[in-house]
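S.K.: 3D model of this:
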Amino acid sequence: MPDHTRRPASTSTATSTATSTETAAVAGRRRLWRAFTRPQRGQVVVAVLLAAVGFAAVTQLRTTEADSSYAGLREQDLIDVLSGLAGTTQRTQAELRRLQDTRDDLQSDTQKRQAALTEASTQVDNLKIIAGLVPVTGPGIRIRIEEKTAEVNVDSFIDLIQELRTVGAEAIQINGEVRVVAQSYFEQAAGGLVVDGEVLEPPYVVEAIGDPDNLDAAVTFLHGPQYELENDGAAVVVTKATSLRITAVAAAE
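M.R.: Alright, predicted model coming up:
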């Protein structure tokens, strides 16, 4: 009877031991899983250090490979290489400066050429105006001379033209028919005036391009052309104009 009572106790102890072993195993697996999934601070530091060491090793390897071409050179050889590189740099800079100077010279020559062409073109245009070869438009004055009591004296008329030229008249025409130029000549004729072989009859309309104020003053000053013409028996009216069109041109020689 007593022996029967001890057997169940032994069976219960074995069962309890097996259960404890299984529980411990499960707990160990859980701790191991947490170790992988939840690394401790020390583990993180170790991982970072290992990564840094690995990166340094790779960098050192690449640097060593990059410098391997110079590793076997002597000090003098390295100095020669550096000197060669410095000389190449200097030659490159000198060539760059030479090309820049050439560019600047070409630009300067082009600008000078263009300026010379512009100046020449301006001079040609001015000479054409002076020679009376082209029509001209600009500000100026219009002088209407109408005979009243006597014919206009050719000398008084020449004085008028001369005064206009003196103050800078750029172009002069008479009656819209004759362009007055440096070679123009004037003669007295029955019933009118002869200008460059053309017979002009009164009233005479003289149009001159230039500064209106200067031209007006050249005609109207005391004892000037207006006074002379009126003293000859003519009526003189001077009008300033902001724009005149001189269309008469001289015959090209």
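S.K.: Mark out where each domain of the chain begins and ends.
M.R.: Domain assignment for the chain, taken from automatic domain parsing, gives 2-55, 74-130, 137-246.
S.K.: Gly87 - that's part of a helix, no?
M.R.: Yes - with DSSP: H, G, I helix; E, B strand; the rest coil as the criterion, Gly87 is located in a helix.
S.K.: What count of nearby residues applies to it?
M.R.: For Gly87, the count of nearby residues is 10 (other C-beta atoms under 10 Å). In short, each C-beta sits where N, CA and C put it, glycine included.
S.K.: tally of neighbours for the residue lying closest to Val195 once chain neighbours are set aside?
M.R.: With sequence-adjacent residues excluded and distances taken as C-beta to C-beta, 6 or more residues apart in numbering, Val195 is closest to Val178, at 4.7 Å. Applying other C-beta under 10 Å, we find 21 other residues in the vicinity of Val178.
S.K.: the strands in this structure, which residues?
M.R.: In the chain, strands defined by DSSP state E lie at 136-147, 171-174, 178-180, 186-189, 192-195, 198-200, 204-209, 234-246, listed in chain order.
S.K.: how about the ones you listed in a markdown table, adding distance to Thr92 and mean pLDDT?
M.R.: Written out in a markdown table, the entries for those read as follows (distance: least, C-beta to C-beta, whole Å; pLDDT from 0 to 100):
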| stretch | distance to Thr92 | mean pLDDT |
| --- | --- | --- |
| strand 136-147 | 58 | 96 |
| strand 171-174 | 61 | 97 |
| strand 178-180 | 65 | 96 |
| strand 186-189 | 75 | 94 |
| strand 192-195 | 74 | 94 |
| strand 198-200 | 75 | 94 |
| strand 204-209 | 61 | 97 |
| strand 234-246 | 62 | 96 |
